[in-house]
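J.: Fold the following for me, if possible:
(one chain, ligands or ions: 2)
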Amino acid sequence: MSDSASLPPHHHALLLTPREMALADQAAIAAGVPGARLMAAAGKAVADAICTRWSPRRVTVLCGPGNNGGDGFVIACRLREAGWQVRLALLGDRAALPPDAALHAREWPGAVEPLEPACVGDAELVVDAIFGAGLSRPLDGAAKATLQAAERLGVPLCAVDTPSGLDGESGNLSGYTPHAALTVTFFRRKPGHLLLPGREHCGELVVADIGIPPEALGAVGRQAPLQCWANGPRVWREAFPWPRAQGHKYQRGHVLVAGGALMTGAARLAARAAQRVGAGLVTVAAPAAVWPVYASALESIIVARVESDADFAGLAADPRKNALLVGPGAGADESTRRQALAALAAGRATVLDADALTVFARDPRTLFDAVQGPTVLTPHDGEFARLFAAAGDKLSRARKAARESGCVLVLKGGDTVVAAPDGRALVNAHAPATLATGGTGDVLAGMIAGLLAQGMPAFEAAGAAVWLHGEAAYAFGPGLVADDLPAHLPQALGTLARWQPH
Ligand SMILES: NC(=O)C1=CN([C@@H]2O[C@H](COP(=O)(O)OP(=O)(O)OC[C@H]3O[C@@H](n4cnc5c(N)ncnc54)[C@H](O)[C@@H]3O)[C@@H](O)[C@H]2O)[C@@H](O)CC1
Ligand SMILES: [K+]
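T.: Ligands and ions are numbered 1, 2, ... in the order given. As a prediction, this is how the structure comes out:
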């Protein structure tokens, strides 16, 4: 096995697909860690996680026909040793278990019941070790009926690796998937643990070390690059533009925000967010008719009066304005389209949001062909569908669209995905549901522009903005409206400054 120099960057935050995880297992086994030992460690980790959360009680361990079921046999043994009353049920034939699972099944001293709804009848806790990474078709038959019976009982369920029926790669559900109170996975998380709807079925997620050396990642990465991470400071904090003692406002960048003529609040929110995230200067280009609205509300922000799209293009052409934002409250009209194209033509960092995306619905190629500088597109699902034909799960759609457009894609939602044209991707789970309220997207777009203006690369800037956006919402708590976000960015930045890898 290679040394740690071959580890992919931020390897703790990597998300591995089930296939990549199987390759990591194989690499560990090839490096001399027997599969049966990995399974023993996996089962022990789950049993330990259970014992620290629940006192001994009646538990039914549901085992599937593969290695996930093998983990189940280990869990049953460990819980029994710890004084729990354990029932174990197996789907399929004991003689057909794969070798590592068969080995651990031989150590189980109790009865092996057939897996059917009756086996959870008196349980106070249920362990779902039916299917994990090997799920190959929708859940049906006895597995589905038994998990449904467990869920109807209303007792807590602990899932091994993934709740059965959850596709670890996409987060999609197949046939039926129970809601776990606790999911214990091994070595690294999978995209499906963070993507919706999967994340909602995992409950608390624990990642256990089962003895796979991190260097196994180097071996996996040589087959296909590993470039999907859970979004968080680990991934981008080295690129975060903290103000420097010797800096001055001109070194902290200058954001130009196109202000809308009707919905003036959106661009104001974006401008405040750009400023709060650290941009040295922010200019809002305000249409003449509503100039006073902007000017009276934005004391420390420059409000430039524009009479025409040509005026805006003139502002955008000023090279000191090193990050441009068009879209918030812009209106889906010709003027917005001209402003977006003027921003892209400037060849500097650009964020296009909302209406500045919608105006290219009929000819997205015009938009993609105009891209020159680092460009970030921030669609929600509806806006995305107007621009891109990409199908599939959210992660692959975002990646395909990033490649097609040559832009960093921020595909928003409760599980925002950030994707770069070179295949890198982030899945964000750091966002409370309170963010689903009007204007929060404008704030996010402003934050990305603010970080771009300070020289942060587009992929990292998008990831950092998405995380800080979530952090500011957590800091505020319930009752959030978009206006609260810029005001809570200082707290979020404080958390980031103190953040330590764990
Ligand atoms: N060495 C390893 O590979 C390790 C694997 N571990 C465990 O092994 C699991 C992966 O094991 P496997 O690859 O054997 O996969 P699983 O145990 O998840 O499932 C594979 C079996 O289920 C069947 N199956 C899949 N979907 C089905 C469906 N919907 N209905 C009926 N049958 C279905 C397959 O035909 C196969 O027999 C991980 O999730 C993890 O829990 C851990 O023990 C750690 C070490
Ligand atoms: K499972």
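J.: quick one: low-confidence ranges for the protein?
T.: Across the chain, the ranges flagged by pLDDT under 70 are 1-5.
J.: Residue numbers of it in contact with ligand 1?
T.: Taking C-beta under 6 Å from any ligand atom as the measure of proximity, the chain contacts ligand 1 at 22, 25, 35, 38-39, 42, 64-71, 98, 131-139, 143, 160-161, 186, 210. C-beta coordinates here come from the backbone N, C-alpha and C atoms, glycine included.
J.: Count the neighbours of the residue in the stretch 251-400 of the chain positioned nearest to ligand 2 for me.
T.: Closest to ligand 2 within the stretch 251-400 of the chain is residue 393: 19.7 Å, counting by C-beta to the ion. Neighbours of residue 393 under the rule other C-beta atoms under 10 Å: 18.
J.: thought residue 394 was touching residue 413?
T.: Yes - counting by C-beta atoms under 8 Å, residue 394 touches residue 413, with 7.4 Å between them.
J.: between these two, which one's more packed in?
T.: Higher neighbour count among residue 394 and residue 413: residue 394, with 23 against 16, using other C-beta under 10 Å.
J.: Now residue 349: closest residue in space, sequence neighbours ignored.
T.: Leaving aside its sequence neighbours, residue 349 sits nearest to residue 452 (C-beta to C-beta, 6 or more residues apart in numbering; 3.9 Å).
J.: Wasn't that neighbour part of a helix?
T.: Yes - remark: residue 452 belongs to a helix, assigned using DSSP: H, G, I helix; E, B strand; the rest coil.
J.: Can you name the residues that contact it?
T.: For residue 452, the contacting residues are 253, 255, 322, 323, 349, 351, 374, 376, 458, 461, by C-beta atoms under 8 Å, 6 or more residues apart in numbering.
J.: For it, give its distance to ligand 2.
T.: Distance of residue 452 to ligand 2, computed by C-beta to the ion, to the nearest Å: 42 Å.
J.: swap in residue 82?
T.: With distances taken as C-beta to the ion, residue 82 is found 21 Å from ligand 2.
J.: from memory that residue sits against residue 48, does it?
T.: No - judged on C-beta under 8 Å, residue 82 makes no contact with residue 48 at a distance of 9.3 Å.
J.: Have a look at the two and say which one is more surrounded.
T.: residue 48 (16 against 13).
J.: Let me see the residues that make contact with the host helix or strand of that one.
T.: Assigned by DSSP states H and E, residue 48 falls within helix 35-53. Contact with helix 35-53 is made by 25, 28-29, 59, 67, 70-75, 77-79, 82, 99-101, 103-104, 125, 127, 158, 160-161, 182, 184, 186, 206, 208-212, as judged by C-beta under 8 Å, 6+ apart.
J.: What of stretch 102-114?
T.: So stretch 102-114 is contacted by 36, 39-40, 43, 70, 73-74, 76-77, 80, 86-90, 94, 97, 119, 142 (C-beta under 8 Å, 6+ apart).
J.: Quick one: distance of that stretch to the chain centre.
T.: Distance of stretch 102-114 from the chain centroid (C-alpha atoms, centre = their mean, to the nearest Å) equals 38 Å.
J.: how about that stretch as PDB, C-alpha atoms only?
T.: The C-alpha trace of stretch 102-114 is given here as PDB (Å, rounded to 0.1, in the frame of the first residue of the first chain):
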ATOM      1  CA  ALA A 102     -20.800 -17.200   7.400                       C
ATOM      2  CA  LEU A 103     -17.800 -17.100   9.700                       C
ATOM      3  CA  HIS A 104     -19.400 -14.700  12.100                       C
ATOM      4  CA  ALA A 105     -22.800 -16.500  11.800                       C
ATOM      5  CA  ARG A 106     -21.100 -19.600  13.300                       C
ATOM      6  CA  GLU A 107     -20.300 -17.600  16.400                       C
ATOM      7  CA  TRP A 108     -23.900 -16.700  17.100                       C
ATOM      8  CA  PRO A 109     -25.100 -19.000  19.800                       C
ATOM      9  CA  GLY A 110     -28.800 -18.200  19.700                       C
ATOM     10  CA  ALA A 111     -31.600 -19.200  17.400                       C
ATOM     11  CA  VAL A 112     -31.800 -17.900  13.800                       C
ATOM     12  CA  GLU A 113     -35.400 -17.100  12.900                       C
ATOM     13  CA  PRO A 114     -36.800 -16.600   9.500                       C
END
